[in-house]
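Student: What follows is a predicted protein model with its sequence.
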Amino acid sequence: MAAVKRYWRAMSLLCSAVLVAAGLYVHFSSGVAPAEGASGDSGEAGTSAETEAMAYRLEYDTLLGIRQKFCLNDEDLAAYGCDAGQATGMMTVLRQWYAAHGVALAKATENFFARRGELADVERRIGIGPRDERLFDRQAQIQNELPALQGLVRQIEQGLNEQIKSQLSAQQQVLWQAAMANGGLPVAYRYMPNLSEQDRVALHRWLRNEQLAAIAAPDSGREPTPANEAVARLIQDGKTEQATRWALVAEKLPAIQAATAAVLPPPPVDPILVPAGGEDV
């Protein structure tokens with residue numbers, strides 16, 4: 001959930017950056033002379049550098065969110081068995097895709113969340129009362145608009161899927177598609193390609209029940225109790241899969257981290273953008 005929040009926050013910030021950049025362009029192309037005694041060149045150079053730094057930070061944060069959403073973290077690439085060359089190619093493809101579609105994605109995302117926020121406000125007003133038929137009409141209108149707005153976001157993102165596939169072998173694509181499908185499950189089951197939707201539901205239900213049992217009796221020291229033989233088999237398969245993938249990650253991860261950082265280096269830490277205590281907000 002935190003990864004998704006960071007992704008959408010980056011999309012929103014990118015929209016703001018587009019407006020800031022547009023404003024700066026209008027200002028510096030308007031022909032207004034700098035104040036007497038001021039150094040126009042140094043001022044513009046400083047502002048330009050700051051704008052470029054902000055733009056790169058937004059690009060990095062957005063791509064970080066996209067990598068998380070599309071299961072392309074360094075650990076994921078290592079688990080797929082990618083080498084450094086593939087990691088370099090993947091980051092290059094992502095940056096090229098972002099350059100071509102980042103602004104469109106940001107605007108589409110901003111429109112979707114703005115409309116969803118409006119829907120929440122309308123529903124709040126309906127709940128408060130008094131009854132207003134215009135609010136119910138607006139609620140229905142927004143509910144009808146949301147699928148198309150969300151569909152536009154997904155349509156823009158869909159073009160990235162083919163770019164990702166181009167960097168992976170056939171077997172690696174199988175693991176990647178499994179990770180995409182199993183994203184809501186713990187890492188032990190993340191790369192299991194043969195899980196059916198029924199298996200996922202069964203695992204989710206078992207995990208939820210185990211969590212509730214642990215909350216109810218936190219100090220009981222009880223062992224997990226699979227609900228049935230099918231779930232017990234899935235759990236055992238997950239342990240085997242996890243051991244295999246962890247060994248591969250341990251082998252591949254250092255080279256992949258170096259390769260991705262070379263193409264997409266982390267921006268300098270800006271203390272203004274770091275929450276107090278370093279927690280995610």
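Tutor: Great, that's in hand.
Student: Identify the residues contacting the nearest residue in space to M91 that is not next to it in sequence.
Tutor: Closest residue in space to M91, ignoring its immediate chain neighbours: V263 at 3.7 Å, by C-beta to C-beta, 6 or more residues apart in numbering. Every residue, glycine included, has its C-beta placed from N, CA and C. Contacts here follow C-beta atoms under 8 Å, 6 or more residues apart in numbering; on that basis V263 touches T88, M91, T92, R95.
Student: Reformat these as CSV; add distance to E123.
Tutor: Listed next are those as CSV, based on distance: C-beta to C-beta, whole Å:
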residue, distance to E123
T88, 47
M91, 41
T92, 44
R95, 40
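Student: picking that back up, against I256, how distant is the residue nearest to M91?
Tutor: Relative to I256, V263 is positioned 11 Å away (C-beta to C-beta, to the nearest Å).
Student: and if you look at K107?
Tutor: Distance from K107 to I256, counting by C-beta to C-beta: 32 Å.
Student: Settle it for me: which of these two has more neighbours?
Tutor: More crowded of K107 and I256, by other C-beta atoms under 10 Å: I256, with 25 against 17.
Student: tell me the contacts of the more buried one?
Tutor: I256 neighbours (C-beta under 8 Å, 6+ apart): D74, L77, A78, C82, D83, A84, A87.
Student: Throw these into a markdown table and include neighbour count, thanks.
Tutor: Shown next, in a markdown table, are these (neighbours: other C-beta atoms under 10 Å):
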| residue | neighbour count |
| --- | --- |
| D74 | 21 |
| L77 | 29 |
| A78 | 23 |
| C82 | 27 |
| D83 | 14 |
| A84 | 17 |
| A87 | 25 |
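Student: Now intersect these with the helices, please.
Tutor: Under the assignment DSSP state H, the contacts of I256 contribute D74, L77, A78, A84, A87 to helices.
Student: My guess is the fourth one contacts A259. True?
Tutor: Spelled out, it's A84. Yes: applying C-beta atoms under 8 Å, one finds A84 in contact with A259, separated by 4.1 Å.
Student: quick one: which helix or strand includes R131?
Tutor: Using DSSP states H and E, R131 maps to neither a helix nor a strand.
Student: sorry, back to before: for the residue nearest to M91, give me the pLDDT.
Tutor: pLDDT, V263: 95.
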